[in-house]
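**Student:** next comes the sequence, and after it the predicted model I'd like to discuss.
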Amino acid sequence: MIRTRFTELFGVEHPIAQGGMQWVGRASLVSAVANAGALGFITALTQPTPEALQEEVARCRDMTDKPFGVNLTILPAIKPPPYAEYRAAIIEAGIKIVETAGNKPQEHVEDFKAHGVKVIHKCTSVRHALSAERMGVDAISIDGFECAGHPGEDDTPGLILIPVAADQVKIPMIASGGFGDARGLVAALALGAEGINMGTRFMATKESPIHEAIKQQMVANDERATDLIFRTMRNTSRVARNAISRQVVELERSGAKFEDVRELVAGTRGKVVYETGDPDHGIWSAGMVQGLIHDIPSCAELVSRIVSEAETLIERRLERMIARQPAMAH
Ligand SMILES: Cc1cc2nc3c(=O)[nH]c(=O)nc-3n(C[C@H](O)[C@H](O)[C@H](O)COP(=O)(O)O)c2cc1C
């Protein structure tokens, strides 16, 4: 067992979280993560309405009695979803842990805190982590440039971002982006984090609700199989490299505006990828950590493997590297 301020704060067995994932963070995955002793988050906006989200929470409760949370992602949108209604639905459903992500979470954080909900805010820069800390969030998930989804515009990889943030953030902080095995967990702990958050690695598990062919594609992919789209719009997103992502990057290079790629990047097309298993149907998210994914385990197998190998790494490999006494010269 590895105990940290993260496991203590959220009452979970292991210092591992499964962050919000559009179209993937559903009850089947989140309950499996919870039953494995880690902290999973249902993705609020995957559900078409706040009522549907409450039903998803109920479905998850039918499958686990361990703690789990809900992710609320606040992203720039031409027609924003009814965030306040989703937030109210989360509170009304009795959810006690929320992962917020994205811009200006202040009003959401205030309301969640006023209702006794613990908030972990996911962000990609130290300044946003510190501003969330000032807002009163309970924990930070710091997401490095390696991550799937939105890495921000600073391009700071985890190896730098995590220790720089750890030096300044006082509340418990977990590391996110590029984590997929025990070595990553041990490294994160060494860098000053209290645990890890994984997205991509949890996508390629038995209980993840996406087509088997996409999971196999992730096993086949290596660490280079991602593209950064929307760079030119300062809304960068790291996605699995495919025919569409290449096309979007090329169009952006030749000066395309959002309108010119809107059809290609439609979220509904990405959803079809997960449903039908055609990896080239649309844009779908996955991170560089694909290079470390070689199998499709159950969440229980994955979590227990990471934790037990991490213990072995610390106790055997690292411990034995310490030369306790300098050899005496004769
Ligand atoms: C398919 C997919 C969808 C995602 N959707 C969201 C989302 O809706 N909201 C969010 O805050 N993060 C989202 N993320 C980011 C993850 O929560 C997590 O921060 C990220 O995957 C960590 O990097 P990793 O993939 O290298 O583990 C998504 C990630 C993936 C792989």
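**Tutor:** That came in fine, so what should we check first?

**Student:** which residues of the stretch 151-300 of the chain lie near the ligand?
**Tutor:** 176-179, 197-201, 203, 285-287, 289 (Cβ under 6 Å from any ligand atom). From N, CA and C alone the C-beta is placed, and that goes for glycine too.

**Student:** how does it look with 5 Å?
**Tutor:** Taking Cβ under 5 Å from any ligand atom as the contact definition, the stretch 151-300 of the chain meets the ligand at 176-178, 198-200, 285, 287, 289.

**Student:** strands along the stretch 101-250 of the chain, start to end?
**Tutor:** According to DSSP state E, counting those that start in this stretch, the stretch 101-250 of the chain carries its strands in the segments 118-123, 139-143, 173-176, 196-198, 226-229, 237-240.

**Student:** want to throw the ones you listed into a markdown table with mean neighbour count?
**Tutor:** Formatted as a markdown table, the strands of the stretch 101-250 of the chain follow (neighbours: other Cβ atoms under 10 Å):
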| stretch | mean neighbour count |
| --- | --- |
| strand 118-123 | 25 |
| strand 139-143 | 29 |
| strand 173-176 | 29 |
| strand 196-198 | 30 |
| strand 226-229 | 21 |
| strand 237-240 | 24 |
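
**Student:** closest one to Gly40 among those strands?
**Tutor:** Counting by Cβ to Cβ, Gly40 lies closest to strand 196-198 out of those; the figure is 10.4 Å.

**Student:** nearest to Glu153 among the residues of the stretch 151-300 of the chain next to the ligand?
**Tutor:** Set against Glu153, the nearest of these by Cβ to Cβ is Gly177 (14.7 Å).

**Student:** mind listing what the closest one touches?
**Tutor:** Listed by Cβ atoms under 8 Å, 6 or more residues apart in numbering, the contact partners of Gly177 are 143-148, 151, 158, 197, 287.

**Student:** if we use 7 Å, what do you get?
**Tutor:** Neighbouring residues of Gly177 by Cβ atoms under 7 Å, 6 or more residues apart in numbering: 143-147, 158, 287.

**Student:** distance of the residue of the stretch 101-250 of the chain found nearest the ligand relative to Arg59?
**Tutor:** Nearest to the ligand in the stretch 101-250 of the chain, going by Cβ to the nearest ligand atom, is Gly199, at a distance of 2.0 Å. In this view, Gly199 and Arg59 are 21 Å apart by Cβ to Cβ, to the nearest Å.

**Student:** which one of the two has more residues nearby?
**Tutor:** For Gly199 versus Arg59, neighbours defined as other Cβ atoms under 10 Å are more numerous around Gly199 (25 against 15).

**Student:** list the contacts of the more buried one.
**Tutor:** Per Cβ under 7 Å, 6+ apart, neighbours of Gly199: 19, 21, 148-149, 287.

**Student:** can you redo the residues you listed as a markdown table with neighbour count and pLDDT?
**Tutor:** Formatted as a markdown table, those follow (neighbours: other Cβ atoms under 10 Å; pLDDT from 0 to 100):
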| residue | neighbour count | pLDDT |
| --- | --- | --- |
| Gly19 | 28 | 98 |
| Met21 | 27 | 98 |
| Ala148 | 28 | 98 |
| Gly149 | 25 | 97 |
| Gly287 | 33 | 98 |
